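Q: Show me the folded form of this:
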Amino acid sequence: FSFDKSNERKLDEDLHWQDYTLKAGTYVKGGLGLDVYRALVGYALMDKTNQNLIIGIGAHTLGIRPHLEGEATINDQTVHYKNKNTNFVAPLPNIILRYTYAINDKWSLSGKVDWLAINLGDYGGGIWDVGPSVQFQAFRHFSVNLDYRYFKIYGDVNRERWDGSFFLEFKGPTLSINANF
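A: So this is what the prediction gives:
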């Protein structure tokens, strides 16, 4: 999973506030980049002809790239700020629970919960990845999935180069086509 988003705001006209004047053209730009890689291992607690329940453990490697920059002209003095070098990577364990029920040879229903919450020194945060799914097995090595995904990731960092928090939440339907050999 990879995500990179930023936004910018710029003053179109002078802004007067108390004894200060922020000149037109003053701007601030901020954003967050995020890379999540994961590997997991599971054990089938129940493995019947049409049902499967898996519990497992996994590891997420989380790379976070926050950035902030801006330029302000205040009372005819220009100030610049730019920080795009903050980055940290953290390996994080998680718990996985997945259940699948095959209605017949073509259709199955499943649900999953991946969870993590941890505090280690200067870092803290968590991940929720939850979702039901409907799968249609069109051919032996080809299927189509319709999922509803709820993915939330949050964290706190208390470090000299970056002291702050982040919170990202993605939710909605996904359609995927799967082929295997």
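
Q: what sits opposite the residue sitting nearest the centre point of the chain in the beta ladder?
A: What sits nearest the mean C-alpha location of the chain, by C-alpha atoms, centre = their mean, is I153, with 5.2 Å. Note on I153: beta-bridge partners by DSSP bridges are I127, L168.

Q: Then the one 4 residues further on?
A: Each beta-bridge partner of V157 is listed here: Y123, G164, as defined by DSSP bridges.

Q: Can you list the neighbours in contact with the helix or strand bottoming out on mean pLDDT in the chain?
A: One helix or strand of the chain scores below all others by mean pLDDT, DSSP states H and E: strand 77-83, with a mean of 77. With C-beta atoms under 8 Å, 6 or more residues apart in numbering as the test, strand 77-83 has contacts from H67, L68, E69, G70, E71, A72, T73. Where C-beta positions appear, they are placed from N, C-alpha and C, glycine not excepted.

Q: Present those residues as CSV; the columns should include neighbour count, pLDDT and secondary structure.
A: Shown next, in CSV, are the contacts of strand 77-83 (neighbours: other C-beta atoms under 10 Å; pLDDT from 0 to 100; DSSP: H, G, I helix; E, B strand; the rest coil):
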residue, neighbour count, pLDDT, secondary structure
H67, 17, 78, strand
L68, 17, 78, strand
E69, 16, 83, strand
G70, 17, 86, strand
E71, 15, 83, strand
A72, 17, 80, strand
T73, 16, 77, strand
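
Q: Any chance of a markdown table for these, columns distance to V36?
A: Compiled in a markdown table, those are given as follows (distance: C-beta to C-beta, whole Å):
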| residue | distance to V36 |
| --- | --- |
| H67 | 18 |
| L68 | 22 |
| E69 | 25 |
| G70 | 28 |
| E71 | 32 |
| A72 | 34 |
| T73 | 39 |
